[in-house]
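> Sequence plus predicted model, see below.
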Amino acid sequence: MSKPINDSLKDKAAKGFLWGALNNGAMQVLNAVFGIILARILSQDDYGLVGMLTVFTAIAGSLQDSGFVSALVNRRDVTHADFNSVFWFNIGVSACMYVIFFLCAPWVADFYHEPLLTDLFRYYSLGFFAASFSIVPRAILFKQLKQKELAQVTVLALLVSGIVGVIMALNEMAYWGIATQGIVYTATISLLSWIISGWRPSTCITFRPIREMIGFSSKMLVTSIFTQINNNIFSIVLGKFYTKNEVGTYNQANKWNIMGSSMITGMVQGVAQPTFVQVGDDNVRLCRAFSKMLRFTCFVSFPAMLGLALVAPEFIVILITDKWLPSAEMMRILCVGGAFLPISTLYFNMIISQGRSSIYMWNIICQGMLLLLTVIAIHWLKGGIREMVIANVVIIVLWTGIWHWFVRSLIGFRTRQALRDILPFLTIAALTMVATYFLTEGFGNIYLLLFSRIAIAAVIYVTALWIFGAKILRESLGFLLKRKVS
């Protein structure tokens, strides 16, 4: 009886990965297109102003979610009352947060010594309030592994918001265009999620489910806040101690790094937790499922992110002009850490699926505190932004081992197996990029250099995996071609 269930779950997970790839691929293509257009029109200062506010709206987004989405996904039997209570709770929290942000906007402007931020912060914060209406409908689609529907929602929202942002930038509205783009994106997501999910709230409100989920969700909330602080620590530090221009340069480098890693992370995030929850408490099956997902994640992440690091200078100059060239070196360093982020995402999704939100929370807090202390120490020692970015990447890479230690303790996933899943793809991808660099070093034309490096790296990587008999390559090709590979 278990085989059909297993096959059904494998099919759902495979389709989830496929649609997750298409979703995130389309997202990153649209983000890249609109990002290129806006970067050519706008200045480092424009991006720097909005970048200074990102951490506040990101934390507000964590507060409005309050960890209840993960709690809903982890519950085996979810009722309308559960969704309804979370919906109204999120609306209330979001409304309160917006009022607080509206009143505190002048203090934020004083902190950064930028008077323009008062009105910009009040306007930009409307986006996270609009997002509160989509949390429950998107949680329903996510729990049901409806990655196709989520892909459609996201792509349409990006298309609409990107067009609005470009029109405003062309009309010399500068940073207001970037802010409006974010607001239109979240509003469109909310509207389309309501239409596709078919879910509607009721006025019969009970907060009993909130009380039942508060233990798990509160830990997820704290974790989410620290995650946002970790992700935006450089925007805070650079915004305080450096110029708008330097903040904009870092944000541009990090934007392309995040675009790359988010494509793989989104694939993992959209499938991992629901799949692990459905597998249940069978540690043997969990280890098998985790190992397969880990191999696939490494198979995609290492060549994609190390390849992006390889072509960073050519990529930056061709797409957004040489005025952004100072961000290329920073982007190269960030991409190394970006290669490990999807792996960390897979590990902590396993931890969350086991109901161990406290482990996840303390890992993120400790990682964030270490990063903050390191950044402060580097600044005190008169180190620059480059040293801070290198330290961040080193912490991300080393922390993968800590995530593994906890997963090994929970489900018995062995270190030897993890190394067998990770190291071959890391080694082949790294050697591929080194070989490609030296093979193309003498190319003078920047366009020829970019496309040659991409093509040569792809051929070397795939050929090497085929020669060494990488099963995940054959399985991926087999799934895409709708046939079984023996």
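Noted; the coordinates are in hand. Numbers count the residues shown, from 1 in each chain.

> Make sure Thr249 is actually in contact with Met330.
Yes. Between Thr249 and Met330 a contact is recorded at 7.2 Å, counting by Cβ atoms under 8 Å. Glycine gets a C-beta too; all of them are placed from N, C-alpha and C.

> Pull the contacting residues for Leu49.
Going by Cβ atoms under 8 Å, 6 or more residues apart in numbering, Leu49 touches Glu114, Leu116, Leu117, Leu120, Tyr175, Lys244.

> Okay, Trp362 and Leu286: tell me how far apart.
Between Trp362 and Leu286 the computed distance is 22 Å (Cβ to Cβ, to the nearest Å).

> neighbour-wise, which of the two wins?
More crowded of Trp362 and Leu286, by other Cβ atoms under 10 Å: Leu286, with 22 against 15.

> Give the closest residue to the more buried one in space, chain neighbours not counted.
Closest residue in space to Leu286, ignoring its immediate chain neighbours: Ile411 at 4.8 Å, by Cβ to Cβ, 6 or more residues apart in numbering.

> just checking, that neighbour touches Arg288?
No. Judged on Cβ under 8 Å, Ile411 makes no contact with Arg288 at a distance of 10.3 Å.

> Have a look at the two and say which one is more surrounded.
A count of neighbours by other Cβ under 10 Å puts Ile411 above the other of Ile411 and Arg288, at 21 against 13.

> Could I get the contacting residues of that one?
Neighbouring residues of Ile411 by Cβ under 8 Å, 6+ apart: Asn283, Leu286, Cys287, Phe290, Met350, Gln354.

> With respect to Leu159, which of those residues is nearest?
Taking Cβ to Cβ as the measure, Leu159 lies nearest Met350 of these, at 33.9 Å.

> hang on, isn't that closest one packed against Gly412?
No. Counting by Cβ under 8 Å, Met350 sits too far from Gly412 to count as a contact (11.7 Å).

> in what helix or strand does the residue nearest to the spatial centre of the chain lie?
Nearest to the mean C-alpha position of the chain, by Cα atoms, centre = their mean, lies Ser262 at 4.0 Å. Following DSSP states H and E, one finds Ser262 within helix 244-279.

> Determine the set of other helices and strands touching whichever helix or strand comes after that helix.
Note on helix 244-279: by DSSP H and E, the next helix or strand toward the C-terminus is helix 283-310. For helix 283-310, the packing partners by 3 or more Cβ pairs under 8 Å, 6 or more residues apart in numbering; DSSP states H and E come out as helix 2-41, helix 244-279, helix 326-353, helix 385-411, helix 415-439, helix 446-467, helix 471-480.

> so which of the ones you listed comes closest to Gly165?
Distance to Gly165, taken as Cβ to Cβ, is lowest for helix 2-41 among these, at 6.2 Å.

> what about Pro303, how many residues close to it?
By other Cβ under 10 Å, 25 other residues sit near Pro303.

> got it, and the one 4 residues further on?
Residue neighbour count, defined by other Cβ under 10 Å, stands at 22 for Gly307.

> tell me the contacts of it?
Contacts of Gly307 by Cβ under 8 Å, 6+ apart are Ala429, Met433, Arg453, Ile454, Ala457.

> Leaving out chain neighbours, which residue sits closest to Gln354?
Spatial nearest neighbour of Gln354, chain neighbours left out: Leu410 (5.3 Å); criterion: Cβ to Cβ, 6+ apart.
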